[in-house]
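> Kindly return the folded structure for what I paste below:
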Amino acid sequence: MDQSKAPILQLLDVMRRLRDPNGGCPWDLEQNFATIAPYTIEEAYEVADAIDRGDMDDIKEELGDLLLQVVFHAQMANEEGHFDFDDVAQSITDKMIFRHPHVFGEESADNATHVLEKWEQRKDMEKQNKAKADTDGFVSILDDIPTNLPSLLRAHKIQKKAVKEGFEWNDVMDVFDKVEEELAELKEAILSGDQDHMLEEYGDVLFSVTNIGRKLSIDSEHALRKTNQKFIKRFRGMEEDCYADGKKLKDITFQEREALWNRQKIKG
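A predicted model of the protein is given here:
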């Protein structure tokens, strides 16, 4: 490996070697876009996890793992004659310049809110132009939301898009009324014993709760991820307390578990 090359060029060389039919890695050679996609999603989440933990060494490592995913996809695309890594880099460079007319053009932006408005305006222009090129028929404002996003994140994006068309609650407290309405409908579904009805109404509850987060400028996916981490920390603490007493959680009483949980809550 030529150590005199820039690190990104070394990485591109590594990926080409891994995918080389003559002496490359058998596992890497078997992969395609579909088989690599789950790893790409996983690495993005591991970056987010490292950021939540504030571990800069892990952030550096996980960003490298995520970059490898980009290089992997670009290499496979290059092999099929579609595009290469330079095309990917050029595409995002052009996009960033276009979406920041207040930096690279003649427009101005006084604050972050103004910047976001310009970003969304330019983004909409791109999508309108793409839609015109792709189809002559009707195009919904919701059509470009990826279907494989985590459901809470997708719900958030759907709601943000709908707001652009004026489909919005006047106040966050109005959303609480909607949540209570949906909870009541879920209770009715539970009493009916209809599993499909319960599934539908439970989904409505989650969608409505996501609206509360959006109105409060809170990312529901991020909030739930942090709550998951908090639960794991407290539950692990309960397990450790039981272990210290020579017991297991499943062997103690409900009242004892409640006491252990409250002890962990005090710890934070």
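> Name the helix or strand of this protein that has the lowest mean pLDDT.
Lowest by mean pLDDT, DSSP states H and E among the helices and strands of the chain is helix 112-134, with a mean of 75.
> elements contacting that helix?
Secondary-structure packing of helix 112-134 (3 or more C-beta pairs under 8 Å, 6 or more residues apart in numbering; DSSP states H and E): helix 85-99, helix 101-104. (Each C-beta comes from the backbone N, C-alpha and C, glycine too.)
> And the contacts of the next helix-or-strand element following it?
Next helix or strand after helix 112-134 toward the C-terminus (DSSP states H and E): helix 151-164. Applying C-beta atoms under 8 Å, 6 or more residues apart in numbering, the external contacts of helix 151-164 come out as 120, 141-142, 145-147, 149, 168, 206-207, 210-211, 213-214, 219-221, 224.
> Repeat that for stretch 8-16.
By C-beta under 8 Å, 6+ apart, stretch 8-16 touches 1-3, 5, 67-68, 71-72, 75, 85.
> what's the closest of those to Phe254?
Lowest distance from Phe254 to the contacts of stretch 8-16 (C-beta to C-beta) belongs to Leu68, with 47.6 Å.
> Look at the nearest residue to that closest one once chain neighbours are set aside and report its pLDDT.
In this structure, Leu68 finds its nearest non-sequential neighbour in Leu11, 7.2 Å apart by C-beta to C-beta, 6 or more residues apart in numbering. On pLDDT, Leu11 comes in at 97.
> pretty sure Ala74 contacts Val88?
Yes: when contacts are counted by C-beta atoms under 8 Å, Ala74 is listed as touching Val88 (5.2 Å).
> okay, these two: which has more neighbours?
Taking other C-beta atoms under 10 Å, Ala74 and Val88 do not tie; Ala74 has more neighbours (20 against 16).
> Please tell me how far that one sits from Leu11.
Shown here: Ala74 relative to Leu11, a distance of 11 Å by C-beta to C-beta, to the nearest Å.
> ditto for Lys160
Using C-beta to C-beta, Lys160 is found at 35 Å from Leu11.
> do the same with His73
Distance, His73 to Leu11, by C-beta to C-beta: 13 Å.
> Which one of those two is surrounded by more residues?
Taking other C-beta under 10 Å, His73 and Leu11 do not tie; His73 has more neighbours (20 against 17).
> Now name the helix or strand holding that one.
Element membership of His73 [criterion: DSSP H and E] is helix 56-79.
> on that earlier part again, just flag the most distant two among the contacts of stretch 8-16.
Among these, Gln3 and Phe72 lie farthest apart (C-beta to C-beta), at 22.0 Å.
> residue ranges with poor pLDDT in this structure?
Counting by pLDDT under 70, the chain shows low-confidence ranges at 1, 130-137.
> can you do 90?
Within the chain, the segments meeting pLDDT under 90 span 1-4, 52-53, 101-102, 105-150, 164-165, 221-222, 225, 267-268.
> what's the neighbour count on Leu260?
Neighbour count of Leu260, defined by other C-beta under 10 Å: 21.
> again with the one 3 residues further on
The burial count assigned to Arg263 is 13, neighbours taken as other C-beta under 10 Å.
> Tell me who's in contact with it.
237, 241.
> Which secondary structure element is home to it?
With DSSP H and E as the test, Arg263 turns up in helix 254-267.
> what about stretch 93-113, distance to the chain center?
Here stretch 93-113 is found 25 Å from its chain centre; the criterion is C-alpha atoms, centre = their mean, to the nearest Å.
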